[in-house]
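>>> Okay, here's the prediction I keep looking at, along with the sequence it came from:
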Amino acid sequence: MPYLCELNNGQRIYLENHGQQTTMTIAASQPGQQQQSGTSFTTGAWVAPPEAFQFSNGVVIKLRTEQGELAIQVQGSSAAMVQGFPAGSQGQALQMQQTATMPGMQPMPEMKSMPEMKSMPEMKSMQPMQPLRMGDMQMSLNPMEMRMGNMEMKMGTPTVSSAAASSVASSNVSNVSSNVSSNVSSNVVSGSNSTVVPNARRFCTQCGNAVQATDRFCASCGHQLS
């Protein structure tokens, strides 16, 4: 069974014998803090309870064991085996009493579990951008397109819609045909034996530019003249 010796400075010395080993624990309590140190000595089995004596330079624990009398000197929080008592000094006997248990290290406080992390709310998918409208002009970003009237343009390959191209082509052909017809009509002599006036101006049937009567090819577009 363990033994306890209380000192005047607030220190406590605990002793316990297990077979050949003697375990010593020195505990000191001060306001706001607590210190504790322990050590073990090979002393052999005790044959009598331990004794404690106070000296000017510390405390000496006297042990009676199967191997004889032994002494352990305690100074502050350290302890060591010594040869007998300090020479020329008379120690004061201290009370040594039995105790239920040896002091142990204070258990660490239980760690509180971390609060469960809440899952991030699911990100809503981005809504596709609606086409922009300004008057009769419409623009969309995916894919990049722009429409204005019957004209249409796409990003990367700007093109004109087939309807607009047909309209432009038809308009050009109509203009050329109208120019040719009006010029030919104004320079051709009507009648059953009608002939072209030699000095009359001629026009290219392909591009409508003026050509000479003796020209075989149009100087503007290179078209072969009939």
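Thanks, I have the structure now.
>>> moving C-terminal of the lowest-mean-pLDDT helix or strand in the chain, what's the next helix or strand?
Lowest by mean pLDDT, DSSP states H and E among the helices and strands of the chain is helix 162-187, with a mean of 48. Along the chain past helix 162-187, the next helix or strand (assigned with DSSP states H and E) turns out to be strand 202-203.
>>> Just list what that following strand packs against, helices and strands only.
Applying 3 or more C-beta pairs under 8 Å, 6 or more residues apart in numbering; DSSP states H and E, one finds that strand 202-203 contacts helix 162-187, strand 210-211. To be clear about C-beta, it is placed using only N, CA and C from the backbone, and glycine gets the same treatment.
>>> I'd like the average pLDDT over the shortest one.
By that I understand strand 210-211. If you average the pLDDT over strand 210-211, you get 84.
>>> tell me what it is packed against?
Going by 3+ C-beta pairs under 8 Å, 6+ apart, strand 210-211 lies up against strand 202-203.
>>> Skipping its backbone neighbours, what lies nearest residue 2 in space?
In space, and not counting its chain neighbours, residue 2 is closest to residue 16: 4.2 Å by C-beta to C-beta, 6 or more residues apart in numbering.
>>> Quick check: which element contains the one you found?
Per DSSP H and E, residue 16 falls inside strand 11-18.
>>> Check which strands are paired with that strand and give the direction for each one.
Sheet pairing for strand 11-18, assigned by DSSP bridges, gives strand 3-6 (antiparallel), strand 21-30 (antiparallel).
>>> will you turn the ones you listed into CSV that also has mean neighbour count?
Shown next, in CSV, are the strands paired with strand 11-18 (neighbours: other C-beta atoms under 10 Å):
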stretch, mean neighbour count
strand 3-6, 19
strand 21-30, 17
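>>> Confidence-wise, which of the ones you listed is weakest overall?
Per-stretch mean pLDDT for these is lowest at strand 21-30 (a mean of 88).
>>> Quick check: what element follows it along the chain?
Counting by DSSP H and E, the next helix or strand C-terminal to strand 21-30 is strand 33-42.
>>> ok and that following strand relative to strand 11-18, angle-wise?
Between strand 33-42 and strand 11-18, the angle comes out at 30 degrees (axes from the mean of the first three to the mean of the last three C-alpha atoms, to 10 degrees).
>>> which stretch of helix or strand covers the nearest residue to residue 147 once chain neighbours are set aside?
Using C-beta to C-beta, 6+ apart and skipping the chain neighbours, the partner closest in space to residue 147 is residue 138 (4.6 Å). Assigned by DSSP H and E, residue 138 falls within strand 137-141.
>>> Which parts of that strand count as buried, going by neighbours?
Residues of strand 137-141 classed as buried: residue 140 (neighbour count, 16 or more other C-beta atoms under 10 Å).
>>> what helices or strands is that strand leaning on?
Judged by 3+ C-beta pairs under 8 Å, 6+ apart, the packing partners of strand 137-141 are strand 132-134, strand 144-148.
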